[in-house]
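> After the sequence you'll find the predicted model.
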Amino acid sequence: MKLLTTQHRRSFFCAKPAITNTSHTTNGGTSSLTEDRSITRLGCNIVKVFHGDVSLCSPSARDGSCGEDSPIKTCVLTKRRRIASDSDEEPDKVPAKNCETSVGKKLAKFKADVSERASSSPPAPRQSPKKEAVTEDTTDKSQGKVKQSCLEYNPDKGSYDPIQDASWRHGDKVPYLALAQTLEKIENVSARLKMIEILSNYFRSVIVLSPDDLLASIYLCLNKLAPAYEAYVVLTDSSQRTSDGFKKLPDQIMYPYAEPYDLQKTGIELGIAETTLIRTIAQSTGRSVAQVKSDVADTGDIGIVAEQSRGNQRMMFQPARLTVRAVFDKLLEIATLGGKAVSTTGTYSFYLRWLLALALACATTPPEQSYPPSVLNAAKGVPAETFKTRLDELALIIKTTYCTRKRKDATESDIKVQVCVYMFDLMYLNGESLVRRPLSDRRRLLREHFVPVEEEFQLAISIDTTTMEEVQDFLEESVKGNCEGLMVKTLEADATYEIAKRSRNWLKLKKDYLEGVGDTLDLVVLGAYLGRGKRVGTYGGFLLACYDQDSEEYQSICKIGTGFTDDDLAKHTQVLKERVIPKPRPYYRYDLSHEPDHWFDASQVWEVKCADLSLSPVHRAAIGIVDHEKGISLRFPRFLRVREDKSAEEATTATQVAEMYTNQDQVKNQGLGSTKVMEEDFY
DNA sequence: AATGCCTGCCC
DNA sequence: ATTCTGC
DNA sequence: GCAGAATGGGCAGGCATT
């Protein structure tokens, strides 16, 4: 039976003995299920009703299916929205508001200031505006001329003393150099823990000596070290904090908070995303947007470009000693002038290590002490255990306190799609947490306490089984019923609802995970995008196309950026570099929004796997076949291998793509939908 | 007012 | 989402 | 085994530009 890949088989078949301790011993694989499993559909049918009143709208329901865990998410979402709108109406209770106005004035002033300049330097990113005297002095805030070369600052020092070992004195503004040196040290270290330690030492000094600069420091760290695409700053507005539980954290981002440091004191929010940041750097350094842009492309790190740009400028007029604050303020001002900076978002984008560094710094050198502080190193004289506990607590606070964004609330009348919530589990009932009870209990309680309502509120379809065959059948059935797959869980043993252990005890089963199952296509590489972060120097993604024999066109079908080993990537880059052409061929069909950095002569054919095919607003594959204006694209595309044996013309054709699309159960089941399209066609 | 870019979110 | 890679 | 860091399609909402 080839149903499961080895990987799956391992997790699937390892019946976990009911153990009470936390070790995860597994007894070797048995060849059949030894215990009853409850299996729920991954996404259940949602009956679409295009009229009628609804009180819930799940975003995941837009495509007519709802993820297995949607019920809960839906609730959370709705709740959050409500809260968000509440705070909309009464944001005044939040201190941040004040600052917003004070900064607001500042902004207004600059806006006026710049709007005239703006006329002479068109904001269009493509152009390189002639800069007249945009040599803004990045340091106009700091006083004095060049000091003697600064002291060596070494936050890497053993038993670091936040006061003695700092290169500045209490009350001083933090010199930018200190931060630069800190970052330099960090970059030369590979161990994460070490990085955290170094950075936290710097933070400790800032906390003790110049707490006002903490925020600026954090921002500048981000700017420097975060991957470019995440390099945006938002000084939060805590009015957007919500008090309800959790928000799913994006995998790579943490959202911190406003305590215990008074981060919200700064009040305003300033959303700088990449493009804005590029303009910012251009303006602040007197370089053209195009220049900066190309530099970013080269280095892949906007922070480095900023640094270098600033460096150049410094050569030109030898400014005074930079302070962290001055740099930050300037950036802030300019970004704000940039126009689109003030956004409604309210999040900090952080990386874990900064959070941890911050937590470590807080734990070691508690903030908000009078100077000189009584506690410089809280780790001293305390059992390591105790300190660790305190640190963990702090880290937890930092990690779990976060800001959510305002969401535009849709009025109920705007909601067009009837949504049905499918319950599949119960974590909490009448004041009692059920998280530690086995699934069988939770499910029983769920069934006892909730009354399903047809087409609104139902139980997720599930089966209990011990045999592989039934699992297989149920998987087939679920796919036919427009679901993505199954969730498989144990009913009794280790059947608690624990997120952390989820990956071990819950198994997600989707068709395209299985080897030899799922959609696979052979596509032509039309172009590529320069890699960023760890992919600097190679291509990071590619534009793929299918071949339309009728029009003899290559039609874009998706971009692709995963599935390659580092080695693959290097090789592809090497091979494709030889085939770069200056302009796309006239017979390449693609959307301008996906314009690659480099175009290639169509030659390479890659085998690519995906989960689904979808109608796309931007891709052009098989355009005109199933829809007039929309092409077809791939969902979750990943690279499998190069098809050396195929030439570009032998790639998957538009016709085949259309066929694959139409053959999807999901599409077939839509039934009526196609009639509608035909009617439209008719007119 | 319409269009298009940018961002953040959801998979 | 998916995938690969260090730790 | 896990966390981190690369990357995907598609959508909604907000701004900017036309």
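Noted; the coordinates are in hand.
> Secondary structure element for A:Cys558, which one?
Here A:Cys558 sits within strand A:553-560, counting by DSSP states H and E.
> What's the first helix or strand after that strand?
Reading on from strand A:553-560 to the C-terminus, the next helix or strand found by DSSP H and E is helix A:566-577.
> Can you tell me the strand partners of the strand holding A:Cys558 and which way each runs?
The partner list of strand A:553-560 in its sheet, established with DSSP bridges, is strand A:539-548 (antiparallel), strand A:588-589 (parallel).
> do the helix or strand containing A:Glu477 and DNA strand B meet?
Take DSSP H and E as the rule and A:Glu477 turns out to sit in helix A:468-480. No - using CB under 7 Å from any atom of the strand, helix A:468-480 never reaches DNA strand B; the gap is at least 14.1 Å. C-betas here are computed from N, CA, C, even on glycine.
> ok, now how distant is A:Asn669 from DNA strand B?
Here the criterion is CB to the nearest atom of the strand, to the nearest Å. By it, A:Asn669 lies 18 Å from DNA strand B.
> For A:Glu484, give its distance to DNA strand B.
7 Å.
> from memory that residue sits against A:Lys510, does it?
Yes - counting by CB atoms under 8 Å, A:Glu484 does reach A:Lys510; the two are 5.6 Å apart.
> In the stretch 401-550 of chain A, what residue lies closest to DNA strand C?
A:Lys510 (5.7 Å; CB to the nearest atom of the strand).
> How many residues are close by that residue?
Using other CB atoms under 10 Å, A:Lys510 has 19 neighbouring residues.
> The one 3 residues further on now?
Residues near A:Tyr513, counting by other CB under 10 Å, number 15.
> okay, it: pLDDT?
At A:Tyr513, the model reports a pLDDT of 88.
> ok, so what distance separates A:Leu615 from A:Asp156?
A:Leu615 sits 55 Å away from A:Asp156, taking CB to CB, to the nearest Å as the criterion.
> of those two, who's got more company?
Comparing A:Leu615 with A:Asp156 by neighbour count (other CB under 10 Å), the higher total belongs to A:Asp156, at 19 against 15.
> For A:Ser433, which non-adjacent residue is closest in space?
If you skip the residues right next to it in sequence, A:Ser433 has A:Met427 as its closest partner in space, 7.0 Å away by CB to CB, 6 or more residues apart in numbering.
> just A:Pro366 next, same as before
Distance criterion CB to CB, 6+ apart; nearest residue to A:Pro366, sequence neighbours excluded, is A:Val375 at 5.5 Å.
> which residues touch A:Asn154?
A:165, A:181, A:185 (CB atoms under 8 Å, 6 or more residues apart in numbering).
> Selecting buried members of the residues you listed in ChimeraX, what would you type?
Those of those that meet the burial criterion (16 or more other CB atoms under 10 Å) are gathered into one ChimeraX selection, given here:
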select /A:165,181,185
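> Out of the contacts of A:Asn154, list just those in helices.
If you go by DSSP state H, those have A:181, A:185 in helices.
> if we take the contacts of A:Asn154, which one ends up nearest to DNA strand D?
When those are compared for distance to DNA strand D, the smallest value, 17.0 Å, is given by A:Lys185; criterion: CB to the nearest atom of the strand.
> pLDDT score for the closest one?
A:Lys185 carries a pLDDT value of 71.
> so where is the stretch 251-400 of chain A shaky, pLDDT-wise?
Across the stretch 251-400 of chain A, residues meeting the criterion (pLDDT under 70) sit at A:251-286, A:288-290, A:292-322, A:326-359, A:368, A:392-400.
> buried ones in the longest strand along chain A?
Counting residues, the longest strand in chain A under DSSP state E turns out to be strand A:519-530. Buried residues in strand A:519-530, defined by neighbour count with 16+ other CB under 10 Å: A:519, A:521-530.
> Mind listing the strands that strand pairs with, and their directions?
Strand pairing for strand A:519-530, using DSSP bridges, gives strand A:539-548 (antiparallel), strand A:598-600 (antiparallel), strand A:605-610 (antiparallel).
> who touches the closest residue to A:Ile560 other than its chain neighbours in this structure?
When the adjacent residues along the chain are set aside, A:Ile560 lies closest to A:Pro637, with 4.9 Å between them (CB to CB, 6+ apart). With contact set as CB under 8 Å, 6+ apart, A:Pro637 has these partners: A:544, A:558-560, A:562, A:608-610.
> biggest separation within the residues you listed, which pair?
Using CB to CB, the two most remote members of the contacts of A:Pro637 are A:Lys559 and A:Lys609, lying 14.7 Å apart.
> Among those two, which residue is more densely surrounded?
When A:Lys559 and A:Lys609 are compared on other CB under 10 Å, the one with more neighbours turns out to be A:Lys559, at 20 against 17.
> ok, now which ones touch the more buried one?
By CB under 8 Å, 6+ apart, the contact set of A:Lys559 is A:529, A:541-544, A:594, A:637.
> can you list the residues of the stretch 451-600 of chain A near DNA strand C?
Listed as neighbours of DNA strand C in the stretch 451-600 of chain A under the rule CB under 7 Å from any atom of the strand: A:508, A:510, A:512-513, A:562-567.
> and if you look at chain A?
Of all the residues in chain A, those in contact range of DNA strand C (CB under 7 Å from any atom of the strand) are A:190, A:192, A:251, A:508, A:510, A:512-513, A:562-567, A:609, A:611, A:636, A:638.
> go again using 6 Å as the cut-off
For chain A, the residues found near DNA strand C under the criterion CB under 6 Å from any atom of the strand are A:190, A:251, A:510, A:562-567, A:609, A:611, A:636, A:638.
> will you turn those into CSV that also has distance to DNA strand B?
Output for the residues of chain A next to DNA strand C, formatted as CSV (distance: CB to the nearest atom of the strand, whole Å):
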residue, distance to DNA strand B
A:Ser190, 28
A:Asp251, 8
A:Lys510, 10
A:Thr562, 12
A:Gly563, 16
A:Phe564, 19
A:Thr565, 22
A:Asp566, 22
A:Asp567, 26
A:Lys609, 15
A:Ala611, 9
A:Phe636, 7
A:Arg638, 13
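> top of these by neighbour count?
In terms of neighbour count, A:Phe564 stands highest of those at 22 neighbours, by other CB under 10 Å.
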